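>>> need a structure here:
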Amino acid sequence: MSIHIAAKAGDIADKILLPGDPLRAKFIAENFLEDAVCFNEIRGMLGFTGTHKGERVSVMGTGMGMPSISIYAHELITEYGVKKLIRVGTAGSLSADVHVRDLVLAQAAATTSRIIRNDWPEYDLPQIADFTLLDKAYHIAKGLDLTVHVGNVLSADLFYSNLFEKNLQLGQLGVKAVEMEAAALYYLGAKHQVQTLALMTISDSLVYPSEDTTAEERQNTFTDMMKVGLETLIAD
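Down below sits the predicted model:
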């Protein structure tokens, strides 16, 4: 048992989906996993282990923001031996070509956070996805005839900030979307030499404010990314 996760050794699979919302973790467990068993309820951060197409897989919420995902991903990696971690969450589009319900695979993650710079103040260290997971997820999504975009994302520390116009300008530089976790997950992947990937569904658009979804939709739908994430985890 770690500080923030109640699971015992062996309770968590070596591959895991990481939605921010713990209720999305519950939804995935109930709708996509067989024989799912809850391994964590501490702080309401639900985690489950079951099987998908005969492969043992886990899913667990991480909360919002880089400090929160850093805690859970660190413990999953160092205390429970997880080797493949895929974030499945939501993001806001920064590109005129990326629309609500499209999928975005974060090839890299720029960030406004100092989490990584605190460790590497002399460097502008780029945070990148594991290419094997990225490549598999892209081809799985295309095979399902889904609209998927691959590129840079912005991992922001603040949901409400005064950087709206600057963030929009990033879209003109090819940044696909803004979210709050990928850069920290990628840093931990590099630090501990495990595979990490962030796969997001566009829930709203900074370019087209009329494109939006409800909180209930974000919690209980967006199943395309769940299917792609699970298939990527179990792909040979």
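
>>> immediately after the least confident helix or strand in the chain by mean pLDDT, which helix or strand?
Across the helices and strands of the chain, the lowest-confidence element by mean pLDDT, DSSP states H and E is helix 215-220, at a mean of 72. Downstream of helix 215-220, the next assigned helix or strand under DSSP states H and E is helix 223-234.

>>> buried stuff in the helix or strand that contains residue 28?
Using DSSP H and E, residue 28 maps to helix 22-32. Within helix 22-32, the residues that qualify as buried are 22, 24, 25, 26, 27, 28, 29, 32, counting by 16 or more other C-beta atoms under 10 Å. To be clear about C-beta, it is placed using only N, CA and C from the backbone, and glycine gets the same treatment.

>>> Check stretch 129-145 too.
129, 130, 133, 134, 135, 136, 137, 138, 140, 141.

>>> quick one: it to chain centroid distance?
14 Å (C-alpha atoms, centre = their mean, to the nearest Å).

>>> average pLDDT across it?
Taken as a whole, stretch 129-145 carries a mean pLDDT of 98.

>>> now swap in stretch 150-166 and tell me
On average, stretch 150-166 scores 93.

>>> which outside residues touch that stretch?
Here stretch 150-166 makes contact (C-beta atoms under 8 Å, 6 or more residues apart in numbering) with 64-66, 91, 94, 104-113, 127, 134, 138, 167, 170, 174-184, 198, 200, 206.

>>> which of those are buried?
65-66, 91, 94, 104-113, 127, 134, 138, 167, 170, 175-184, 198, 200, 206.

>>> Please list the members of the residues you listed that lie in helices.
Cross-referencing those against helices under DSSP state H gives 66, 134, 138, 167, 170, 182, 183, 184.

>>> JSON lines for those residues, including distance to residue 82?
Converted to JSON lines, those look like this (distance: C-beta to C-beta, whole Å):
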{"residue": "66", "distance to residue 82": "18"}
{"residue": "134", "distance to residue 82": "18"}
{"residue": "138", "distance to residue 82": "22"}
{"residue": "167", "distance to residue 82": "31"}
{"residue": "170", "distance to residue 82": "31"}
{"residue": "182", "distance to residue 82": "17"}
{"residue": "183", "distance to residue 82": "19"}
{"residue": "184", "distance to residue 82": "15"}
